[in-house]
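Chemist: requesting a structural model of the entry that follows:
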Amino acid sequence: MNLPQDPSLPDQPIVPDDNLPSGVPVQLPPARRRRARRTLFLPGEDERARVIETLGRRAFPAFEFFLFSLLCGAILGAGYLLDSHSLLLLGILLAPLMTPWVGLTLAAVTGSWRFFFLTLSGLLFGGLLIFAGGALAGLAARVWMPLPMIQANIQAHLWWPNLFVLALGAVLLVASFVRSEEKPILASVMVVYELYLPLSAAGFGLGSGAADIWPNGLLVFLFHFALAVLLGAATLAVLRFRPRTFIGYLLPVTAGLASLVLILLLSGLGNILAGFFSPPPVILPTPTPSPVAAAFWTPTPSATTHPPTFTPSMTLAATFTPSQTPTPRPTPIYARVASGAGDGTLVRSEPGFGRGYVITSLINDYLVELLPEPPVVVDGLTWVHIRTVDGIEGWVLQSVLALATPVPTQTP
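Modeler: Predicted structure coming up:
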């Protein structure tokens, strides 16, 4: 006996599709599912609102975000205090997922002002915890001064490899977050590395009083943050996320312009563009004096002739010029970097912490030449003038150098 088939039951089992965006119902017809997989966006307003609501709920900062931000800030501060790259990596691995940053970017693209300020406030509070951890470590560093602070100085400068890692991580984090409900851990670590390390270095510089770390680290963080927001918004725009109304475009336009202005100002491209579009300087011609005819007296030859007179010529005798005797140069004195408090030392433009700027960093066992300038004592610390193998000259602490060339001593 054949029973009638229930038309409400599907003929085939419904299997979840991981390739569809989060929030996409798997009961869609095959054509609509293929179109949703290809465009990563839904044509219907109800489905579109459901997808954005699901993504916003996942991206909203929770208690775990602030807890792990506090833990990450403490470990990063300890890493800068001990100048340990291993501790910095541990702090990055314990950092929270940067899903609130994705939520901020999503709110900026879709034009949701309320969700934008909620995620922005969450990110600011989490960043404040990171900054506070670095500042407390900087205050503790004043007790053990002087410290090399190599890692903090490295993170307080812009580097092209870091920009590449940030761009790749921002695009992968947004795309992975939209396409799958799994946690994009690797992409989040890439973004955290480029955002939290300079922010913690800025706090460490402020607490320790290092004038060249505190402002630079904050500026690097702002540049990285603006670039990440711009790239994340561009990725969502490619995935066809956009505001619902015309007024909603005000937020993405404002956020995009603000990010572009920060990038131009902090990278120095604004000065380059201003010099490129500015009119060339007008060079005024220098007036040249016109020649004035001068009256000369021309003698008139007389008719009386005089016998020629003989004028004896005087020949100068050759004089002997003694050759200069070469002065022997002193034997150059070399030293090796031997810092017991870290992996090396910093070369500064002027002697003393907080003076001048950092030229470069040198690792342990690096050979330098001691220049003949006398040592300079600043705040009870002795600084010597050195020259590297590459010809870079600067000042380092005398306590981090070990003589490699014996100094000749004069015997009476």
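
Chemist: worst-scoring helix or strand of this structure, pLDDT-wise?
Modeler: Within the chain, no helix or strand scores below helix 269-277, which has a mean of 45 by mean pLDDT, DSSP states H and E.

Chemist: wait, is residue 92 part of a strand?
Modeler: No - in this structure, residue 92 is helix, not part of a strand, as judged by DSSP: H, G, I helix; E, B strand; the rest coil.

Chemist: where are the low-confidence patches of the stretch 301-412 of the chain?
Modeler: Within the stretch 301-412 of the chain, the ranges that satisfy pLDDT under 70 run 301-330, 341-343, 354, 405-412.

Chemist: same question but for the chain, I mixed them up
Modeler: 1-48, 245-246, 248, 266-330, 341-343, 354, 405-412.

Chemist: ok, longest helix in it?
Modeler: For the chain, the longest helix by residue count, based on DSSP state H, is helix 113-141.

Chemist: same for the next helix or strand after that one, what does it pack against?
Modeler: Toward the C-terminal end, the helix or strand that comes next after helix 113-141 (DSSP states H and E) is helix 150-155. When contacts are defined as 3 or more Cβ pairs under 8 Å, 6 or more residues apart in numbering; DSSP states H and E, helix 150-155 packs onto helix 63-81, helix 185-208, helix 214-238, strand 344-348, strand 358-363. C-beta coordinates here come from the backbone N, C-alpha and C atoms, glycine included.

Chemist: which residue ranges form the strands in the stretch 251-400 of the chain?
Modeler: Assignment of strands within the stretch 251-400 of the chain using DSSP state E, counting those that start in this stretch yields the ranges 333-337, 344-348, 358-363, 367-370, 376-378, 381-387, 393-397.

Chemist: residue 264 is nearest to which of those?
Modeler: Nearest to residue 264 among the strands of the stretch 251-400 of the chain is strand 358-363; the distance by Cβ to Cβ comes to 25.0 Å.

Chemist: buried ones in the closest one?
Modeler: Within strand 358-363, the residues that qualify as buried are 358, 361-362, counting by 16 or more other Cβ atoms under 10 Å.

Chemist: can you check stretch 105-115 too?
Modeler: Buried, per 16+ other Cβ under 10 Å, within stretch 105-115: 105-112, 115.

Chemist: okay, how far is it across it, tip to tip?
Modeler: Stretch 105-115 has an end-to-end distance of 10 Å (criterion: Cα to Cα, to the nearest Å).

Chemist: who's in contact with it?
Modeler: For stretch 105-115, contacts defined as Cβ atoms under 8 Å, 6 or more residues apart in numbering pick out 52, 55-56, 59, 103, 116, 119, 174, 229, 232-233, 236-237, 241-245, 247-252, 255.

Chemist: filter those down to just the buried residues.
Modeler: If we count by 16+ other Cβ under 10 Å, the contacts of stretch 105-115 have these buried: 52, 55-56, 59, 103, 116, 119, 174, 229, 232-233, 236, 241, 243, 248, 251-252, 255.

Chemist: what's around the closest residue to residue 339 other than its chain neighbours, how many residues?
Modeler: The shortest distance from residue 339 to any non-neighbouring residue, by Cβ to Cβ, 6 or more residues apart in numbering, is to residue 400 (4.3 Å). Using other Cβ atoms under 10 Å, residue 400 has 22 other residues around it.

Chemist: what's the spacing between residue 400 and residue 385?
Modeler: The spacing between residue 400 and residue 385, counted by Cβ to Cβ, to the nearest Å, is 14 Å.

Chemist: ok, residue 124 next?
Modeler: For residue 124, the distance to residue 385 (Cβ to Cβ) stands at 44 Å.

Chemist: neighbour-wise, which of those two wins?
Modeler: Neighbour count, other Cβ under 10 Å: between residue 124 and residue 385, residue 385 has more, with 17 against 9.

Chemist: name all residues that make contact with the more buried one.
Modeler: Residues near residue 385 by Cβ under 8 Å, 6+ apart: 370-371, 373, 393-395.

Chemist: could you redo the last one with a cut-off of 7 Å?
Modeler: 371, 373, 393, 395 (Cβ atoms under 7 Å, 6 or more residues apart in numbering).

Chemist: wait, isn't the third one in contact with residue 384?
Modeler: No - with contact defined as Cβ atoms under 7 Å, residue 393 does not count as touching residue 384 (11.3 Å).

Chemist: please identify which of the two sits among more neighbours.
Modeler: More crowded of residue 393 and residue 384, by other Cβ under 10 Å: residue 384, with 20 against 15.

Chemist: any idea how far residue 345 is from the more buried one?
Modeler: Counting by Cβ to Cβ - residue 384 and residue 345 are separated by 11 Å.

Chemist: go on, residue 180?
Modeler: Note on residue 180: its distance to residue 345, by Cβ to Cβ, is 46 Å.

Chemist: please identify which of the two sits among more neighbours.
Modeler: Set residue 180 next to residue 345 and count neighbours by other Cβ under 10 Å: residue 345 wins out with 27 against 14.

Chemist: let me see the contact set for the closest residue to the more buried one other than its chain neighbours.
Modeler: Excluding the flanking residues, the one nearest residue 345 by Cβ to Cβ, 6+ apart is residue 400, at 4.5 Å. Each residue near residue 400 by Cβ under 7 Å, 6+ apart is listed here: 337-339, 345.

Chemist: ok, and the most crowded of the residues you listed?
Modeler: residue 345 (27 neighbours).

Chemist: dump stretch 179-188 to PDB, restricted to CA.
Modeler: C-alpha atoms of stretch 179-188 as PDB (Å, rounded to 0.1, in the frame of the first residue of the first chain):
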ATOM      1  CA  ARG A 179      31.600  34.100   4.900                       C
ATOM      2  CA  SER A 180      31.800  31.800   7.800                       C
ATOM      3  CA  GLU A 181      30.700  31.600  11.400                       C
ATOM      4  CA  GLU A 182      34.000  30.100  12.500                       C
ATOM      5  CA  LYS A 183      36.400  32.400  14.400                       C
ATOM      6  CA  PRO A 184      39.000  34.000  12.100                       C
ATOM      7  CA  ILE A 185      41.900  33.600  14.600                       C
ATOM      8  CA  LEU A 186      44.800  33.900  12.200                       C
ATOM      9  CA  ALA A 187      43.500  37.100  10.500                       C
ATOM     10  CA  SER A 188      42.700  38.600  13.900                       C
END
